[in-house]
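Undergrad: just coords:
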């Protein structure tokens, strides 16, 4: 058969691989808990006051992989797996890598080989999350804290920006893997105050409004393969309007 006759639209309705990172305490876990029939894999504390079904908190790296394998291959009602959080997962990986190499800390492994091994372990974990998506038709939501790093712009001046709080290799793998990388922050503004003697001072002000930013800007890393506005409230009901796969997942898992 001619390959030209096999050409078809690549647009498909499928579960999403979503990364949400942001400042501490902004409500990332609460937002993730609103996804369809979620189950949480809590790698850090902080979800006790949120109404969501959870796996036991893993004490080691193996305690992350086994639940993901069961989700991918077993029968269950869940439609979303939440990882909370990627940076605490990385700490488990670092501890495992250091122990495997007979070191107290991953930084004691020479030539940066420990961090390379850790990046491979992170990619392996992302592969297990892919299995949950492809085999069990589940959404995958990975949460992370944010950190401010110096970005060396090859075309201009360097500047500070937010990105997931991970080692640079793990962060690059996570961002590349995700369909959406969303940055959560409070809406803030600055105003100039007069301190006298021709001196001005910038003061940050805000009302506590929480927003998701979906498109890359100099101040933060973000991306989206959905038709999302560049910023939107940190409310899942609002976000779900753009999530065309929610209905599809519910239909398949009935």
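TA: Cool, the structure landed. Small disclaimer: the values here were computed from a predicted structure and weren't measured.

Undergrad: Please go through the protein and pick out the longest helix.
TA: helix 113-136 (DSSP state H).

Undergrad: List the contacts of that one.
TA: The contact list for helix 113-136 (Cβ atoms under 8 Å, 6 or more residues apart in numbering) reads 14-15, 17, 61, 64-65, 68-69, 71-73, 76, 78, 81, 83, 89-90, 93-94, 96-98, 100-101, 103, 106-109, 138-140, 142, 166-167, 169-170, 173-174, 177. Placement of C-beta: from N, CA and C, glycine included.

Undergrad: Just the buried ones from those, in ChimeraX syntax?
TA: Entered in ChimeraX, the line below selects the buried ones among these, by 16 or more other Cβ atoms under 10 Å:
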select :14,15,17,61,64,68,71,72,78,81,83,89,90,93,94,96,97,98,106,109,138,139,140,142,166,167,169,170,173,174,177
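
Undergrad: Could you tell me which residues within stretch 221-234 count as buried?
TA: 221, 222, 223, 224, 228, 232, 234.

Undergrad: Make sure the fourth one is actually in contact with residue 182.
TA: Yes - Residue 224 is in contact with residue 182 according to Cβ atoms under 8 Å; the separation is 7.5 Å.

Undergrad: shared neighbours, those two?
TA: In contact with both residue 224 and residue 182: residue 214, using Cβ under 8 Å, 6+ apart.

Undergrad: quick one on the thing from earlier: filter the contacts of helix 113-136 down to just the ones in helices.
TA: 64-65, 68-69, 71-73, 89-90, 93-94, 96-98, 100, 169-170, 173-174, 177.

Undergrad: can you list the weak-confidence ranges in the stretch 151-254 of the chain?
TA: Scanning the stretch 151-254 of the chain for pLDDT under 70 picks out 188-207, 244-254.

Undergrad: can you map out the strands along it?
TA: Secondary structure of the stretch 151-254 of the chain (DSSP state E, counting those that start in this stretch): strands located at 159-164, 180-186, 189-196, 199-205, 210-213, 231-233.

Undergrad: closest to residue 56 among the buried residues of stretch 221-234?
TA: The closest of those to residue 56 turns out to be residue 234 (Cβ to Cβ; 28.0 Å).

Undergrad: ok, that closest one - contacts?
TA: By Cβ under 8 Å, 6+ apart, residue 234 lies in contact with 26, 27, 31, 184, 210, 211, 212.

Undergrad: between those residues, which has the most around it?
TA: Most neighbours among the contacts of residue 234, by other Cβ atoms under 10 Å: residue 212, with 26 neighbours.

Undergrad: Identify the residue spatially nearest to that one, adjacent ones excluded.
TA: Nearest in space to residue 212, with sequence neighbours left out and distances taken as Cβ to Cβ, 6 or more residues apart in numbering, is residue 182 at 4.9 Å.

Undergrad: Any idea what that neighbour is bridged to?
TA: Taking DSSP bridges as the rule, residue 182 bridges to residue 20.

Undergrad: unless I'm mixing things up, it is touching residue 20, no?
TA: Yes - counting by Cβ under 8 Å, residue 20 is a contact partner of residue 182 at 4.7 Å.

Undergrad: and the residue nearest to residue 232 when sequence neighbours are not counted, what is it in contact with?
TA: Counting by Cβ to Cβ, 6+ apart, residue 212 is the residue found nearest to residue 232 once chain neighbours are left out, at 5.3 Å. Neighbouring residues of residue 212 by Cβ under 8 Å, 6+ apart: 20, 182, 183, 184, 231, 232, 233, 234, 239.

Undergrad: And for the first one, the neighbour number?
TA: Other residues near residue 20 number 27, with proximity taken as other Cβ under 10 Å.
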